[in-house]
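In: Next one to model:
(chains A, B, C and D)
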Protein chains: 2
Amino acid sequence: MARLVAERADILPILAELFREHGYEGASLSLISERTGLGKGSLYHFFPGGKEEMAAAVLEEIDGWFERRIFAPLRNSTDAAQSIAETLDAVEVYFAQGRRICLVSAFALDHTRDRFTAAIRDYFIAWRDALAAALQRLGHAPAISTDLAEDVLGAIQGGLVLARAIGDPSAFQRAVARSKYLLAMPGPSEPRCTVE
Amino acid sequence: MARLVAERADILPILAELFREHGYEGASLSLISERTGLGKGSLYHFFPGGKEEMAAAVLEEIDGWFERRIFAPLRNSTDAAQSIAETLDAVEVYFAQGRRICLVSAFALDHTRDRFTAAIRDYFIAWRDALAAALQRLGHAPAISTDLAEDVLGAIQGGLVLARAIGDPSAFQRAVARSKYLLAMPGPSEPRCTVE
DNA sequence: GTCTATAAAGCGATAGAC
DNA sequence: GTCTATCGCTTTATAGAC
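Out: Next comes the predicted model:
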């Protein structure tokens, strides 16, 4: 039986966009109240812990989305190459081809990091290790796989930063394209643009 | 004749560290007053425009440092390969081997970006174009040079994000090492980890 | 479950004495 | 040039009516 009124889950995407646009400090309760259409009383009903609980819930939802759509496929798919290509496509769509920033990165650079240290760290480590697992199934050595995965994660995050900074989403798109090319090298004996 | 009291220039490094630690919003005037040892009256004497002028002055100082130590050598040195290697070393030191974030990136991801759009964009474009100019002197084609420079910038910024996020500065150090390796390829005919 | 009113604290910024 | 006191505003959070 569908409810007409907002549920807690319905609020999360709005909160996520507000934190993306304005940052943790900048997303004030009055702004949140305005954009969700809920009074402060209702907001504190759904999130008794206030803004910190809202941000934690958003981070948890983001982590859940990546776990289902990115991390699990990378870890478990039978076709590692295909899962790598598909998840890179999904990432490109998720970040709106470079027009949407990574909230976890934004929190990491902000002093907001101190509030959510574990969630931020776990997100990137899960991503790196899932990608490294797929690369190992492609035949790469464990150490090389982790290094390569970290390289790609950095390129993606750096691409998002540059895209936002210079106002050109194509900087992110090129970073993803380069990552696809880099990861398309199938074997462990191929030359790599990295050092030990 | 050396002055004993603080000059405006002496305040800027303290402001920079405060903005790095706490972000633009988080660095309150009372915190700034405490860390600089100056009352609000003195702060407004040096920066009549308040906190926005303080942040603008910090960004200008950062840009000046990079212009002198990174951009100009990349553009003008006779030995392009040497200037690339030396400026990468300088960048590694500047960011304290991954323990110090890039304030320009942090502002870019925050909604603080809207206040300093031009300064943020110009910083990254100047860096990219200076590095691309050095790569052209190494024999790379213009389009490849810009793409390669953007690649390296993204790797550096992504490395800083990852280092801060996972609490491991070596993620940044590896990104710089990979960039050195990538840029050490001298000629335009060498294989590249990128796509057009 | 939603609202308004309000509390308590912190904010950026200003005024004016010294 | 530096200080303290204070203004006006916004913030998060709570209380209590409905």
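
In: packing partners for the lengthiest helix in chain A?
Out: In chain A, with assignment by DSSP state H, the single longest helix is helix A:142-166. Counting by 3 or more CB pairs under 8 Å, 6 or more residues apart in numbering or on different chains; DSSP states H and E, the packing neighbours recorded for helix A:142-166 are helix A:103-109, helix A:117-137, helix A:170-183, helix B:103-109, helix B:117-137, helix B:142-166, helix B:170-183. C-beta: built from backbone N, CA, C; applies to glycine.

In: With DNA strand D as the reference, name the closest of the ones you listed.
Out: Closest approach to DNA strand D among these is made by helix A:103-109 (15.0 Å; CB to the nearest atom of the strand).

In: Quick check: residues of chain A near DNA strand C?
Out: A:5-6, A:37-42, A:44-46 (CB under 7 Å from any atom of the strand).

In: Now the buried members of those residues.
Out: Neighbour-count burial (16 or more other CB atoms under 10 Å in any protein chain shown) is assigned, among these, to A:38, A:46.

In: of the residues of chain A next to DNA strand C, list those near DNA strand D.
Out: Within these, those near DNA strand D by CB under 7 Å from any atom of the strand are A:40-41, A:44.

In: ok, residue A:162 - contacts?
Out: Counting by CB atoms under 8 Å, 6 or more residues apart in numbering or on different chains, residue A:162 touches A:168, A:171-172, A:175, B:124, B:150, B:153-154, B:157.

In: Could I get those residues in JSON lines, plus columns for pLDDT?
Out: Below are those laid out as JSON lines (pLDDT from 0 to 100):
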{"residue": "A:168", "pLDDT": "98"}
{"residue": "A:171", "pLDDT": "98"}
{"residue": "A:172", "pLDDT": "98"}
{"residue": "A:175", "pLDDT": "98"}
{"residue": "B:124", "pLDDT": "98"}
{"residue": "B:150", "pLDDT": "98"}
{"residue": "B:153", "pLDDT": "98"}
{"residue": "B:154", "pLDDT": "98"}
{"residue": "B:157", "pLDDT": "98"}
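
In: Going by distance to residue B:102, which of those residues wins?
Out: residue B:157 (6.2 Å; CB to CB).

In: Go ahead and flag the most central residue of chain A.
Out: Most central in chain A under CA atoms, centre = their mean is residue A:102, positioned 5.5 Å from the mean C-alpha point.

In: burial measure for the closest residue to that one other than its chain neighbours, as a count.
Out: The shortest distance from residue A:102 to any non-neighbouring residue, by CB to CB, 6 or more residues apart in numbering or on different chains, is to residue A:160 (5.4 Å). Counted with other CB atoms under 10 Å in any protein chain shown, the neighbours of residue A:160 add up to 29.

In: how far away is residue A:160 from residue B:161?
Out: 9 Å (CB to CB, to the nearest Å).

In: Residue A:164 too?
Out: Going from residue A:164 to residue B:161 by CB to CB gives 12 Å.

In: Same check on residue A:180?
Out: 20 Å.

In: So for these two, which sits in the more crowded spot?
Out: Neighbour totals were compared for residue A:180 and residue B:161, and residue B:161 leads with 32 against 16 (other CB under 10 Å).

In: how deep is the closest residue in space to that one that isn't next to it in sequence tucked in, by neighbour count?
Out: Spatially, and ignoring its direct neighbours in sequence, residue B:161 is nearest to residue A:157 (4.6 Å; CB to CB, 6+ apart). Residue A:157 has 29 neighbours, counted by other CB under 10 Å.

In: Now do the contacts for residue A:157.
Out: If you count contacts by CB under 8 Å, 6+ apart, residue A:157 has them with A:102, A:105, B:157-158, B:161-162.

In: Could you rerun that using 6 Å?
Out: A:105, B:158, B:161 (CB atoms under 6 Å, 6 or more residues apart in numbering or on different chains).

In: any idea which helix or strand carries the closest residue to DNA strand C within chain A?
Out: Closest residue of chain A to DNA strand C, CB to the nearest atom of the strand: residue A:41 (1.5 Å). Element membership for residue A:41 (DSSP states H and E) is helix A:40-46.

In: Past that helix, which element shows up next along the chain?
Out: Sequence-wise, the next helix or strand downstream of helix A:40-46 (DSSP H and E) is helix A:51-66.

In: the inter-axis angle of that next one versus helix A:117-137?
Out: Orientation check (axes from the mean of the first three to the mean of the last three CA atoms, to 10 degrees): helix A:51-66 against helix A:117-137 gives 10 degrees.

In: any idea how far helix A:51-66 is from the chain center?
Out: 11 Å (CA atoms, centre = their mean, to the nearest Å).

In: which other helices and strands contact it?
Out: helix A:8-26 (3 or more CB pairs under 6 Å, 6 or more residues apart in numbering or on different chains; DSSP states H and E).

In: swap the cut-off to 7 Å and go again
Out: Judged by 3 or more CB pairs under 7 Å, 6 or more residues apart in numbering or on different chains; DSSP states H and E, helix A:51-66 is in contact with helix A:8-26, helix A:103-109, helix A:117-137.

In: Mean neighbour count, those helices: which tops it?
Out: Comparing these by mean neighbour count (mean count of other CB atoms under 10 Å in any protein chain shown), helix A:103-109 ranks first with a mean of 26.
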